[in-house]
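# following is a predicted model, sequence given first.
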Amino acid sequence: MLGIRYQILSRNFQLYSRVQGSSLKEKLNNLQQRQTVLNKSSKELKRLDAKKRLEIKKTQKRAYPRQKAITLLQKQNKNLDQELKAAAIGPTSDSDLKYLLKTRDKRLIYTILGITGEQLRDSVLIDKDVKKFLKRGLIEKAVILTRLAKNRGSAGMNSIMKYFFHESQAPQSAVDMYNWRKKWGIPPNEFTNTILFDGLARQKNPIKKANASLVLKAVDRLIENNKLTQIEFNAALGALSNCNDITHAFELFERKNKGVEKDSISYLWILRACKRVESDSLFQEVIISIMEDIPARLIDAPLLFEFCKTLHSRDDNVALQKMAVLALKEYFEIDYDTDLWPKLLGSFQLLPLSHWSIDRRFPLNAPVVGLFLDNCLKSKQYSLGLQFFEYLKANKTEILDLGMYHKYMELQLKGNPLDCGDKCLEVFNEVESNPNFISFKHSLILLYKAFERQALKKANNIDKVKINEFLSKCLDVIKKNEGIYSKEFNTRLYPKKTWQFIFAIVKAANTNEALSSRMFTTIIDEYLRSFIHGEFSPSSISPTNRESRETLRFVELECIRLLNQLASRMSIPGIEEVDTSKPSLERNIFLQRRQLRQFKKMLLEHVDALQSEHPNVEDLNELDVKLKEKASKILDDHKTNEYMNYVLVR
């Protein structure tokens, strides 16, 4: 019995060893049985097959060379653009986008996007490439890349949403990305909802009611899954407060959610929501209730400042709007006495700091000063704003910045129309002499507006001596700050950009026709010099820029009015019948008057040409040459003052 068992075991062992034999034994057995020699054993064939499959798999993840991609595109598209070259295929091109949208060849897609299949497995690399596409404005390529990456494209899709919210100001496109990403297999990550909420909260225009409902539904899902965080809650509250219908904002604010509480940011957003309450009585009731409800531990300077901004936003109720400066005085260190403080409304009482057990006011800062001056401008408390700025100059100079000086100039312009030009000139000189301030164009614009407003007042422009001296001072200031040197005339000239302000000031100053003829000729001569210098040449005008053409048209029309008035002052009895063949004073006046009229006529032709939707550049150039010739002739005649004495003394 033992012998039989041994043989069975022995046979089984030998059979097993034969099946698991080496490649060489397999080849020898095949030679013995079939009389053929195998090149590869079955094991070797399996290994080669696996290696080939691996190589094919790797190849499918590689992009085509650019030239091969062009060849494939030429086969796939019969009407391929002839100018399309290999250099136009790739991640930096936008001319290959239409071919990207048509093809399903992944390797061709990789070539156009400038990626490989291996890179699609790295979410960090995908996000970097998406940001590069967005920086170049290739939004479609960025979206296609995230769709290829599927679940590894979450961060990239978040970047696309941010781009739509903050760069292109297209919030609806960002919302569409949020809705479509689930269908595309791109799941949201822990930042997606916050990006959506925060993006909607920071839009300049109120969001749609449908988007507010979307936000609330997203919050409900987070609550159901017990995943709502404090950051997401506040961001959602911010988004809902940026909707004209603020019922959703108050609905979320009043909820009691596990793991989430109302902090200072939550109260800040709900105060911003109060700005959209239309009824003044309801507004007062709601905002007082909110302020009373804020715990003392949450009260800080930003929260109280937001409350003051909310009062400041009441444009339809000036009396309520004025409460903002009282609130600023109540909560911040504004220490100066005046009789100009507005009175509290009967139904509106500010809560003192003692309500929250705070014993001292918060320090004064730049945002508080800016809001105070803004409120004085909006609520027409000009004297209060001027006094406040002068208080700051005397006591807190270090807090003043250029923007505050600009507001001070606006207050002077609105509050002191009789001498706002002189006052603003003093402020302008102070700003220009301050090394901490960078010269800013807005300072000059405010100064020119102040000049115009002062010149417009009857008390100033009815006095001939006073208005002529004031206008001379204005012209000197403009030339000093913006004049350009001309070798041809060996003096400084007024550039094109200043003439719209000059003529606006001149028009205001001459409301009662008190400007002298000498002032008229001075202004016209300055205009002619600027014209000859080339400030108004066709090359300096953008044919496609309607605004620049309208500005030039305004300047030329104002010049035509001045020419008309000067020509009328040169009129003497019988001027039209003067014998021009004999030298005389009347002859010189007649010829000069005729030249002014000819120049005016050519200017009118130029104005008509500018009114066209598509001005003819050749016609403008031809007119420009004629106008310069006529301007030179007029200036040459002005150098001989014999005949001008008659005009200038009038």
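Yep, that arrived. Bear in mind the structure is a predicted one, so any value in this text is a computation, not a measurement.
# quick one: residues in contact with stretch 250-264.
The contact list for stretch 250-264 (CB atoms under 8 Å, 6 or more residues apart in numbering) reads 216, 219, 223, 226, 228-230, 233-234, 236-237, 240, 266, 270, 273, 298-300, 302-303. Where C-beta positions appear, they are placed from N, C-alpha and C, glycine not excepted.
# what's the answer for stretch 419-432, then?
By CB under 8 Å, 6+ apart, stretch 419-432 touches 402, 405, 408-409, 412-414, 416, 437, 439, 443-444, 446-447, 450-451, 453-455, 470, 474, 477.
# got the end-to-end distance for stretch 375-390?
Terminal residues of stretch 375-390 are spaced 16 Å apart (CA to CA, to the nearest Å).
# any of the contacts of stretch 250-264 buried? List them.
216, 219, 223, 228, 233-234, 236-237, 240, 266, 270, 273, 299, 303 (16 or more other CB atoms under 10 Å).
# tell me the secondary structure for D335?
Following DSSP: H, G, I helix; E, B strand; the rest coil, D335 is assigned to coil.
# quick one: contacts for I207?
Neighbouring residues of I207 by CB under 8 Å, 6+ apart: P171, L200, A239, N242, C243.
# what does the last one show for phi and psi?
Spelled out, that is C243. Main-chain dihedrals, C243, degrees, to the nearest 10: phi -120, psi 140.
# in contact with it, which residues?
C243 makes contact with P206, I207, K208, K209, N211, A212, A249, R276, according to CB under 8 Å, 6+ apart.
# do the first one as well
When contacts are counted by CB under 8 Å, 6+ apart, P171 is found next to F164, F165, G199, L200, Q203, I207, N211.
# most neighbours among those residues, which one?
In terms of neighbours by other CB atoms under 10 Å, the contacts of P171 top out with L200 at 27 neighbours.
# mind checking how far that residue is from L134?
19 Å (CB to CB, to the nearest Å).
# give me the pLDDT for S95.
According to the predicted model, the pLDDT of S95 comes to 75.
# spell out the secondary structure type for it.
coil.
# got phi/psi on it?
Backbone torsions of S95, given as degrees, to the nearest 10, read phi -80, psi -10.
# ditto for F362
Per-residue torsions, F362: phi -80, psi 150 (degrees, to the nearest 10).
# L252 - how many residues pack around it?
As a burial measure, L252 scores 22 neighbours (other CB under 10 Å).
# point me to the helix or strand that includes it.
In this assignment (DSSP states H and E), L252 forms part of helix 247-254.
# so where's the stretch 201-350 of the chain shaky on pLDDT?
Low-confidence segments of the stretch 201-350 of the chain (pLDDT under 70): none present.
# just the helices from it, written as ranges.
209-224, 230-241, 247-254, 264-274, 280-293, 301-312, 318-321, 323-331 (DSSP state H, counting those that start in this stretch).
# off-centre distance for the second one?
Averaged C-alpha coordinates place helix 230-241 at 25 Å from its chain's average position (CA atoms, centre = their mean, to the nearest Å).
# who's in contact with that helix?
By CB under 8 Å, 6+ apart, the residues outside helix 230-241 that reach it are 193-194, 196-202, 207, 211-212, 215-216, 218-219, 222, 246, 248-249, 252-253, 257, 259-261, 263, 265-266, 269-270, 272-273, 276.
# run the last query once more with 7 Å
For helix 230-241, the surrounding residues in contact (CB atoms under 7 Å, 6 or more residues apart in numbering) are 193-194, 197-198, 200-201, 207, 212, 215, 219, 222, 248-249, 252-253, 257, 260, 263, 265-266, 269-270, 272-273.
# cool, the fifth one as well?
Taking CB under 7 Å, 6+ apart as the criterion, the residues outside helix 280-293 that touch it are Y267, I270, L271, C274, V277, F307, T310, N317, L320, S347, F348, L351.
# which pLDDT does the model give the last one?
Same thing as L351. pLDDT at L351 comes out at 93.
# wait, is it part of a helix?
No: judged by three-state DSSP, L351 forms no part of a helix; its state is coil.
# what's it in contact with, if anything?
L351 sits next to M291, E292 when contact means CB under 7 Å, 6+ apart.
# check the gap between it and F283 for me.
Taking CB to CB, one finds L351 at 16 Å from F283.
# isn't Q598 right up against A631?
No: the criterion here is CB atoms under 7 Å, and Q598 misses it with A631 at 10.9 Å.
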